[in-house]
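Peer 1: attaching a predicted model along with its sequence, questions to come.
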Amino acid sequence: MKKHLLPFVLLTALSLAVRGQNPADEILRTKVWNIGRGSAPFVKDAPRLTFETTGPTVENASCRIGVEGTSTANSINGELLAYGIRDGVFDRFNDTIPSSQDIEINSSAVQAFLMLPKPDQNEFVGYTITTDGPVTSLQWKYSELNLSGSPSVGSANIELANDVLESMASVHHCNGKELWVVTHGIDNASFYFSLLDSLGNVNEPIIQSIGSVFRMVQGSIKFSADGKKLAICSGQEIFQGGERALLEVFHFDKETGILANPISLSTFDFVYSLCFSRDGRFLYTGTLNGELSQYSVEIWDSTAIENSRVLLAQNPVKPFGTMQNALDGKIYIAQGGSPQNDSLGIIHQPSVGGLGCNYQHSAFYLGGTFCEGGLPNFPESYFNIDEEAYPCRPSSILSPVSYRKELTIYPVPSIGNMTIEIPTELSPSDIASMEIFDALGRAIETSWFITLNSVKLECIEPRAGHYFGFLITNSQRYSFSFTINL
């Protein structure tokens with residue numbers, strides 16, 4: 001009998017009185033932005049912005065030139081530590097950081113790079129979208145970075161997944177310390193979620209199949225700042241002779257890394273960029289045909305969301321590039337179409353519905369430098385304004401300590417009857433309960449019993465699909481997943 005190894009997260013419970021750390025306490029990690037711009041023959045340097053609550057100032061700091069896929073790493077106090085572009089990672093003086101010399105970055109991918117701090121440590125992890133061959137075959141990798149200037153102390157270009165979109169996003173776990181990072185596969189409906197845990201470990205991805213099949217690498221992924229929603233887009237069908245693009249929204253459980261309640265929205269243009277308002281009430285989308293739209297996502301219904309669409313701007317000459325929340329409460333938008341774009345667009349009041357959100361095209365002049373399409377990629381949870389968003393649920397308050405092992409479950413796929421091997425550190429008497437959910441987050445009725453070394457699991461009314469579950473002890477939660485084929 002073939003056995004299949006699936007990763008799972010071991011999470012240690014704390015007192016119910018413990019609250020999660022609010023990631024917004026570290027919003028100064030978004031203070032300095034290094035922005036991507038066009039390549040030769042345009043010789044202007046890439047711009048650097050420094051934000052205050054009153055807005056940004058621009059500095060021509062002779063920064064290295066990137067295009068899209070930029071990332072900026074700041075200290076908890078807002079001091080620029082490094083920025084990453086197509087050629088590597090550089091310090092504030094534009095010198096190469098030694099630990100980044102071998103890192104692989106795809107300069108033309110819209111969200112190709114993320115530099116995330118290891119919790120309570122001075123080191124960072126760089127997540128990259130890169131390619132060893134054609135742009136249609138992208139890999140998701142990570143490298144350990146020491147931004148203090150010392151030589152590399154960790155691994156480089158460790159592959160997490162193959163054949164993925166050009167985009168990835170990050171948001172904090174509900175304990176407010178650990179970080180989820182997500183991308184999506186090509187020619188499938190699979191999301192890949194990796195947890196950067198509090199020990200600084202990059203966990204093997206949890207794979208969930210939900211929503212539509214994506215067939216084109218171009219597009220974006222964004223979380224809402226409270227970590228409760230995720231949006232994803234691609235213009236694939238248009239470029240393959242079809243008549244529609246893909247724009248989908250999901251609910252996200254930032255404790256377990258599970259998506260639920262997918263909604264596919266009708267769109268006939270290439271939606272390229274996304275951003276939620278900081279309160280999560282509105283979703284903004286930008287297209288390569290120059291349309292900027294606002295959707296209300298307060299009522300979780302496809303008809304209601306589609307009917308709420310407001311066209312904010314239309315400029316067929318200048319496509320809309322990446323969007324990013326900023327610490328001044330506004331959303332900044334790269335205006336693509338030419339490496340000589342000398343300004344950014346601004347949504348001044350993103351939490352106001354309709355035209356009252358006050359979008360202004362070419363609102364912020366970049367001081368003689370240019371931006372083609374790349375704004376830095378940050379964990380959206382730094383912009384959270386919901387004080388109740390980041391305690392974990394009372395039933396499962398989690399400590400910062402988590403780590404990943406491998407849980408053996410078989411057969412995979414199954415027809416609804418499976419065996420889960422009990423980890424060696426547990427005894428059968430430690431197991432208190434089990435919960436199983438389908439891909440939409442609905443609880444599934446099961447029966448199970450414990451043997452000496454395993455748990456026998458049976459789905460009462462099995463249906464084909466992908467499922468997630470939790471094996472729960474008095475002090476720990478183990479997550480696992482499986483597939484049923486009938």
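Peer 2: Great, that's in hand. Just so it is clear, the structure is predicted and the values come from calculations on it, not from any experiment.
Peer 1: give me the most central residue, the chain.
Peer 2: Computing the C-alpha centroid of the chain and ranking residues by Cα atoms, centre = their mean puts Ala169 first, at 2.0 Å.
Peer 1: and the closest residue in space to that residue that isn't next to it in sequence, what are its bridge partners?
Peer 2: Once flanking residues are discounted, Ala169 sits nearest to Ile221: 4.3 Å by Cβ to Cβ, 6 or more residues apart in numbering. C-betas here are computed from N, CA, C, even on glycine. According to DSSP bridges, Ile232 are recorded as the beta-bridge partners of Ile221.
Peer 1: any idea how far Met418 is from Ile221?
Peer 2: As defined by Cβ to Cβ, to the nearest Å, Ile221 lies at a distance of 31 Å from Met418.
Peer 1: cool, Asp328 as well?
Peer 2: 51 Å.
Peer 1: who has more neighbours out of the two?
Peer 2: Remark: of Asp328 and Met418, Met418 carries more neighbours, 25 against 14, as counted by other Cβ atoms under 10 Å.
Peer 1: the more buried one - that's part of a helix, no?
Peer 2: No: Met418 is assigned strand when assessed by DSSP: H, G, I helix; E, B strand; the rest coil, not a helix.
Peer 1: neighbours around the nearest residue to it once chain neighbours are set aside, how many?
Peer 2: Nearest in space to Met418, with sequence neighbours left out and distances taken as Cβ to Cβ, 6+ apart, is Leu457 at 4.8 Å. Counted with other Cβ under 10 Å, residues neighbouring Leu457 total 22.
Peer 1: and the one helix or strand Leu457 maps to, how far out from the chain middle?
Peer 2: Using DSSP states H and E, Leu457 falls within strand 454-459. In terms of Cα atoms, centre = their mean, to the nearest Å, the gap separating the centre of strand 454-459 from the centre of its chain is 33 Å.
Peer 1: check which element follows that strand along the chain.
Peer 2: The first helix or strand that comes after strand 454-459 along the chain, using DSSP H and E, is strand 465-473.
Peer 1: what does that next one contact?
Peer 2: Applying Cβ atoms under 8 Å, 6 or more residues apart in numbering, the set of residues contacting strand 465-473 from outside is 208-210, 256, 258, 420, 426, 430-439, 444, 455, 457, 459, 477-484.
Peer 1: got a quick ChimeraX command for the buried subset of the residues you listed?
Peer 2: Buried members of those, identified by 16 or more other Cβ atoms under 10 Å, are gathered into one ChimeraX selection as follows:
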select :208,209,210,256,258,420,430,431,434,436,437,438,439,444,455,457,459,477,478,479,480,481,482,484
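Peer 1: list the ones among the contacts of strand 465-473 that fall in strands.
Peer 2: 208-210, 258, 420, 431-438, 455, 457, 459, 477-484 (DSSP state E).
Peer 1: now the residue nearest to Met418: how far from Ile206?
Peer 2: When Cβ to Cβ is the yardstick, Leu457 and Ile206 sit 19 Å from each other.
Peer 1: where does the prediction get shaky in the stretch 151-300 of the chain?
Peer 2: In the prediction, the stretch 151-300 of the chain carries residues with pLDDT under 70 at positions 151-154, 235-244, 268.
Peer 1: hey, where'd the helices end up in it?
Peer 2: Assigned helices in the stretch 151-300 of the chain, in chain order: 236-239 (criterion: DSSP state H, counting those that start in this stretch).
Peer 1: which residue ranges of it form strands?
Peer 2: Per DSSP state E, counting those that start in this stretch, the stretch 151-300 of the chain has strands spanning 158-162, 169-172, 179-184, 188-196, 206-214, 219-223, 229-234, 246-253, 258-265, 271-276, 282-287, 291-296. These are given in chain order.
Peer 1: can you add distance to Leu28 and give these back as CSV?
Peer 2: Compiled in CSV, the strands of the stretch 151-300 of the chain are given as follows (distance: least, Cβ to Cβ, whole Å):
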stretch, distance to Leu28
strand 158-162, 29
strand 169-172, 15
strand 179-184, 17
strand 188-196, 20
strand 206-214, 30
strand 219-223, 20
strand 229-234, 25
strand 246-253, 25
strand 258-265, 30
strand 271-276, 20
strand 282-287, 24
strand 291-296, 28
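Peer 1: and these: which comes nearest Ile27?
Peer 2: For those, distance to Ile27 was read as Cβ to Cβ. The smallest value, 12.0 Å, belongs to strand 169-172.
Peer 1: so who does Phe252 touch?
Peer 2: In this structure, Phe252 makes contact with Val171, Phe223, Gly227, Lys228, Lys229, Leu230, Ile258, Leu259, Ala260, judged by Cβ under 8 Å, 6+ apart.
Peer 1: is it possible to export those to TSV including distance to Pro350?
Peer 2: Formatted as TSV, those follow (distance: Cβ to Cβ, whole Å):
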residue	distance to Pro350
Val171	17
Phe223	15
Gly227	17
Lys228	16
Lys229	14
Leu230	18
Ile258	27
Leu259	24
Ala260	25
